[in-house]
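*Asks:* give me a 3D structure for the following:
(one chain, ligands or ions: 2)
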Amino acid sequence: MNIDKRLVRKDSLEKLFDILKQNSKTIYAPFSKNSKVSFREADSFSGITTDYIQTTQSSKEVAFPRNEKILNYSKDKEGMKVKGIDLNDIPEVVLWGVRPCDTMGIGELSAIFNWDYKDEIYNNRLSRVTVFGFSCSKSDDYCFCTSVGGNPGNTQGSDILFTQLGENGDYLAEILTDKGSSIVSISSALFEKTENIEKEKFLAEVPARFEREEIRGKLEKFFDSQLWVEQSLKCIGCGACAYVCPTCACFDIQDEAHGKSGSRVRCWDSCGFSTFTLHTSGHNPREVQSQRWRQRIMHKFLIMPDRLSVYGCTGCGRCSRACPVDMNILEHLISIQEVSL
Ligand code: SF4
Ligand code: SF4
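*Replies:* Ligands and ions are numbered 1, 2, ... in the order given. Here you go, the predicted model:
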């Protein structure tokens, strides 16, 4: 569809929030606490922040919660009864304030959840999410979206992308999908018609740092490189990088039993954990941390593009900001590009 561009006054954002609430939308938005900015359910507009480069956690939890019951079971004299979750209970959500590197991550996550098996729960959750992207006016040294196909004003994955026109300015709203149009239809007075506004001069500058196709080509010949050992010496396998990442999709399935009944729960996992590939026989095909680090990079920059035609990294820089031992994925990708084979 053609992109419909409107002007939304800064003061109108609160009115928009109130209209969404009146229309029974559950709103997740960024809030600042203890110098961290995180998405949480917003009961009122007050306290929603726009002053952040990136939230600590990604917004993937809205469609892929970190712990999620996928069925309940019970056993009685007649046998085992199994009840799946009621997909009608999934709320209509507006995800407010998502940076373009996260909105782009929705496409990458969806590619994983729809590769061979179509994940019904994930797809149902996502179908009820309307994404309000907010372009970036500032960046830091961890950001590298422009090296992986994104940019600070990227529209990909947003239903409406808001770009603030200068500090304290009003917003350009790009209406990108039918979901975005349906929001405009319930709040049309707030979306004013406008002449052509160029958003580019209001966006952060993020210099390109590497060529992802070049990295992909190198990785094809790189499996046994000593570089994996050198890069991963510091890694303690804590899994923080996977938990904050907008595109990491690994999960474990656990049964939580209470007597004769219980729940089956899907919970986040990480290829950085030492037990991730541990077999019940005791054999572990990824015995050491360098093999797990290699898997993380190979999966995002070689296996995903080969198998799913998307890369598994949006350049948000979260994994580097969150790492307790300063593993920096950007530096490691640059060093892979610089290796001569
Ligand atoms: S956050 Fe850092 S230390 Fe933890 S698993 Fe990831 S790279 Fe290793
Ligand atoms: S790998 Fe790191 S930089 Fe890339 S999308 Fe995940 S958290 Fe962001």
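
*Asks:* residue contacts, F276?
*Replies:* By Cβ atoms under 8 Å, 6 or more residues apart in numbering, the contact set of F276 is C250, D269, S270, R286, R292. Using the backbone N, CA and C atoms, a C-beta is placed for each residue, glycine as well.

*Asks:* per-residue pLDDT of the residue of the chain positioned farthest from its centre, please?
*Replies:* Distance from the centre of the chain peaks at K77, with 44.9 Å (Cα atoms, centre = their mean). Predicted confidence (pLDDT) for K77: 92.

*Asks:* state the distance from it to ligand 1.
*Replies:* Using Cβ to the nearest ligand atom, to the nearest Å, we find K77 at a distance of 48 Å from ligand 1.

*Asks:* now, the contacts of F276 that are in helices?
*Replies:* The helices, defined by DSSP state H, take in R292 from those.

*Asks:* next up, the contacts around the spatially most central residue of the chain.
*Replies:* Closest residue to the average C-alpha location of the chain: P246 at 2.4 Å, with Cα atoms, centre = their mean. With contact taken as Cβ under 8 Å, 6+ apart, P246 is in contact with S58, S59, K60, C101, D102, G105, I106, E108, L109, T314, C316, R318.

*Asks:* tell me if the first one really is in a strand.
*Replies:* It refers to S58. No - under DSSP: H, G, I helix; E, B strand; the rest coil, S58 sits outside any strand and is assigned coil.

*Asks:* that one: how many residues sit nearby?
*Replies:* Other residues near S58 come to 26 when the count uses other Cβ atoms under 10 Å.

*Asks:* before we move on, back to that, what's the most distant pair in the contacts of P246?
*Replies:* Farthest pair in the contacts of P246 (Cβ to Cβ) is I106 and R318. Separation: 15.0 Å.

*Asks:* which bits of the stretch 101-250 of the chain sit near ligand 2?
*Replies:* Residues of the stretch 101-250 of the chain found near ligand 2 (Cβ under 6 Å from any ligand atom) are V244, C245, P246, T247.

*Asks:* narrow the contacts of F276 to just the buried residues.
*Replies:* Buried members of these, scored by 16 or more other Cβ atoms under 10 Å, are D269, S270, R286, R292.

*Asks:* got a markdown table for the residues you listed, with distance to M298 too?
*Replies:* Output for the buried ones among the contacts of F276, formatted as a markdown table (distance: Cβ to Cβ, whole Å):
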| residue | distance to M298 |
| --- | --- |
| D269 | 17 |
| S270 | 15 |
| R286 | 11 |
| R292 | 11 |
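
*Asks:* tell me the two of those that are most distant?
*Replies:* Counting by Cβ to Cβ, the most remote pair of the buried ones among the contacts of F276 is D269 and R286, 13.3 Å apart.

*Asks:* tell me how many other residues crowd the residue in the stretch 1-150 of the chain that ligand 2 sits nearest to.
*Replies:* At 6.3 Å from ligand 2, G105 is the closest residue in the stretch 1-150 of the chain, using Cβ to the nearest ligand atom. For G105, the neighbour count with other Cβ under 10 Å is 28.
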